[in-house]
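>>> Make a model of this:
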Amino acid sequence: MQPFAPTAGFARGMGFRQLKRTLGVPVSQGIDFKHWLYGAYGGAEASILTFEEGSGSSTVSYTGVVVRVDPPLFLGLQVGRHGWIRLFEEPDIELGSARIDAALRVTGANAARVRAFFDLHDASVEPLLDGVMRLEGLPELWITDSTVGVAAAGNQVDRVTLVTWLDRAVEVAEALARRGRQLPKSPGEMAQQAEWQRFADAAGFDFDADRMKLTGKQRPMEIALEHDGAQLKTAVTLAFPRAIDVGFAVRRTATLSFLQGLFSQDIQVGTPAFDDHYIVTGFPEPRIRELLRRPKVLATLIYLAGRTMEVQMNHAQLFFRLAGASPTASHLAQLTELATSVTADLFGEVAAAHPFR
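Numbers count the residues shown, from 1 in each chain. Got it, this is the predicted structure:
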């Protein structure tokens, strides 16, 4: 596995695509516990990392392993242990097994779909549930649509322990993916897949229906669905045709503009609708201001600031994630035009017209 310097913290509900977006840059020397390891294990993508939970004197540091469920389940699935006092928990989804329901808290976007996924009357589900219950015997566990995680407090350095965690997590991740392929698609999912395929055929994208991911054939662009808890989101990543010759980073923030300077460098472009929502870092500052003041770049980032907290731009790409499943081809076309307008403004390239206007 390769060590990386993460750009953000980890949370147990984080999807694996989100985890990969926060890996940062590879590290070649001076490796320590703040770095994350990422690579392949047992035929699956996996990471070994450290993270913190709580705050102040109640902060607890953990070491965890996270294995990718591929393709993701698109159930809004969250599986973990019940809280210390179940009286204060929100109702969860009971699967019909006293042993499993007592041990695990299960939630999802659609209870009927989750119960169908873990159908106790289907013999093929039994090995999956056995694997999940073997995870339950480890210190900490969680399962989402795209991850299986195991963790324990402190800095865990014992190789046998970490390998055991990885082995069990890979076993469950593979069983979840197999079961996901068996579960019939709902009418709504089938309709959305048809719309995404229609867009892909007309606009020059490859469509991976299992992963609900569109990849541009002629343009370096990806559109994909992700679950964030029970909520579906559409993630858009546009790689620029070439790297901009300025090192900078733009990210959406909830911090008020007059406070941002207390925490880090923040380059102001002089437009409050932008400056109030983004932190900008980099050098040289005049060149960065000139780039971000370009009309379509500025208009796109202001538009996105009003619709999501998840926007990042740097010398190599633009990324944003919007709430909702983007169910129609016309919506996908609008997202594509929105993103590619930035490229046109930065590099003088005109985005191809789409047939869904």
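>>> Please make it C-alpha for all contacts and neighbour counts, starting now.
OK.
>>> which SS class is the residue nearest to Ala329 when sequence neighbours are not counted?
Ranked by Cα to Cα, 6 or more residues apart in numbering and with sequence neighbours excluded, the top spatial neighbour of Ala329 is Phe199, at 5.0 Å. Assigned with DSSP: H, G, I helix; E, B strand; the rest coil, Phe199 falls in the helix class.
>>> since we're on Phe199, how many residues are nearby?
24 (other Cα atoms under 10 Å).
>>> Just the pLDDT for it.
Note on Phe199: pLDDT of 97.
>>> Then the one 4 residues further on?
pLDDT, the model's per-residue confidence, is 95 for Ala203.
>>> and if you look at Ser330?
Listed pLDDT for Ser330 reads 95.
>>> picking that back up, and the residue nearest to Ala329, how far is that from Ala254?
For Phe199, the distance to Ala254 (Cα to Cα, to the nearest Å) stands at 34 Å.
>>> Same question for Leu120.
As defined by Cα to Cα, Leu120 lies at a distance of 44 Å from Ala254.
>>> more neighbours, those two?
With neighbours defined as other Cα under 10 Å, Leu120 and Ala254 compare such that Leu120 has more, 15 against 11.
>>> and the closest residue to Asp275 other than its chain neighbours, how many residues sit next to it?
Excluding its sequence neighbours, the residue lying closest to Asp275 (Cα to Cα, 6+ apart) is Gln268, at 5.8 Å. Residues lying near Gln268 (other Cα under 10 Å) number 20.
>>> you'd agree Gln268 is up against Val280?
Yes - between Gln268 and Val280 there is a contact at 7.4 Å, judged by Cα atoms under 8 Å.
>>> start to end distance for stretch 235-251?
End-to-end for stretch 235-251, by Cα to Cα: 15 Å.
>>> Please apply the same query to stretch 288-304.
First-to-last residue span, stretch 288-304, Cα to Cα: 19 Å.
>>> Give me the contacts around that stretch.
246, 248, 267-269, 273-274, 282, 311, 320, 338-339, 341-342, 345-346 (Cα atoms under 8 Å, 6 or more residues apart in numbering).
>>> List only those of those residues flagged as buried.
246, 248, 267-269, 274, 282, 311, 320, 338-339, 341-342, 345-346 (16 or more other Cα atoms under 10 Å).
>>> Out of those, which is nearest to Arg113?
Phe320 (28.6 Å; Cα to Cα).
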